[in-house]
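A.B. asks: quick one: sequence plus predicted model below, questions after.
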Amino acid sequence: MERRVSLADRYLFMRQLHVLQRAGVPLLSSLGALEAQLPAGALKQTIQAISHDLLNGSGLSQAFARHPRSFHPLVISLLRIGEAGGLLEQMLKRLAELCEWELELQSRLKQALFYPLIVLGVLAVGVLLMVTVVLPQFVHLFASWQLSLPWPTRLLLGVSLIVTRFGWLLALLGLAGVFALGAYLRTEAGRLRWHTLKLRLPLVGPLFVQLAMARFARAMAALTASGVPVLETLALSGESVNNSYIQRELRQVQERVKGGARLAQALGHDGLFPPAVLQMVATGEETGHMDELLQSIADYYDQQAAYVLRTLVTAIEPALLIVVGVGVLVMASARKQDIKRFPLG
């Protein structure tokens, strides 16, 4: 199976190819130069395959279309327009900008999640060491005394006993559950249910909505500015959204537009877009500056997503402190009561 080109590699590829095309370097020579400077990897193999297809008479968009795991249909559509209209340089620039936005988005998300994941990871390792190494040393001692232990101690010893005796079974059940869940989520119904649930989650649900809408508006702005018909624009922009529920809603928007509805009216039917966005779309339809208004909508959703992300990060830190504090309190309480009951220790 063909290896998928990473987003970072796609961005560098589009950006460098755009620079070479703007400098007037022939397309095959540009691809050859980019391939020569790359180490062995997925991108190098993909460029080799594209160059081979071009030498055999294929168009650039056709050559890219043979690598669907690496290049979205939106990329193919923009390249096709660039070939047909002599606008390849402009299309490559747009594609590089879209990749750059995706990279910045991923970077913001990683920065926001780094601290919580580190704290939770350290906490999980500490709890695991406590129940598998420390507590088992006290089990036989307490059992030999045959005394009634306080509930915090009994709770910790019970967890330790289950983990040490049945840890392998719990691990197998966990792996089986993960594989079963993964198989279900790969089905259409499972993916739709999971994506619908993601949008309804407290705190993070609004963030998923804002990110999906930003991706949709940015893709639609690029396609509209390139002269793609509105129905094809809606189809390709909808495919760029990584959420099955929103994709389904956007397909209904496409059907309403096909039936004669104006875009603003079709988008406002299900309440997926707020009134401010619908007003900007309506203004774009009236003034003929739809691409500029769609870009403004993308910026609007970017700002909303950044605000929700900052709010989420602000809420996570005290929540983590509470979780850690409760865990320490339970273990300290158990240890304190043990010391009071068994002063010999």
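C.D. replies: Sure, I can see it.
A.B. asks: model confidence for Pro343, exactly?
C.D. replies: With respect to pLDDT, Pro343 has a value of 48.
A.B. asks: cool, Pro275 as well?
C.D. replies: 81.
A.B. asks: so what's Ala8 closest to, chain neighbours aside?
C.D. replies: Leu103 (6.4 Å; CB to CB, 6 or more residues apart in numbering). Where you see a C-beta, it was placed from the backbone N, CA and C, and this is true even at glycine.
A.B. asks: now do that neighbour against Phe216, distance only.
C.D. replies: Going from Leu103 to Phe216 by CB to CB, to the nearest Å gives 18 Å.
A.B. asks: neighbour count winner among the two?
C.D. replies: Ranked by neighbour count (other CB atoms under 10 Å), Leu103 and Phe216 place Phe216 first, with 26 against 14.
A.B. asks: show me where the stretch 151-300 of the chain has its helices.
C.D. replies: 151-185, 188-200, 204-225, 230-239, 244-258, 263-267, 275-287, 290-341 (DSSP state H, counting those that start in this stretch).
A.B. asks: elements contacting the first one?
C.D. replies: Applying 3 or more CB pairs under 8 Å, 6 or more residues apart in numbering; DSSP states H and E, we find helix 151-185 packed against helix 136-145, helix 188-200, helix 290-341.
A.B. asks: apply 10 Å and report the result again.
C.D. replies: helix 88-129, helix 136-145, helix 188-200, helix 290-341 (3 or more CB pairs under 10 Å, 6 or more residues apart in numbering; DSSP states H and E).
A.B. asks: can you redo those as CSV, where the extra columns are distance to Thr164?
C.D. replies: Converted to CSV, these look like this (distance: least, CB to CB, whole Å):
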stretch, distance to Thr164
helix 88-129, 11
helix 136-145, 6
helix 188-200, 34
helix 290-341, 17
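A.B. asks: so which of those is nearest Leu172?
C.D. replies: helix 88-129 (17.0 Å; CB to CB).
A.B. asks: which other helices and strands contact that closest one?
C.D. replies: So helix 88-129, by 3+ CB pairs under 10 Å, 6+ apart, packs with helix 7-22, helix 60-65, helix 73-85, helix 151-185, helix 204-225, helix 290-341.
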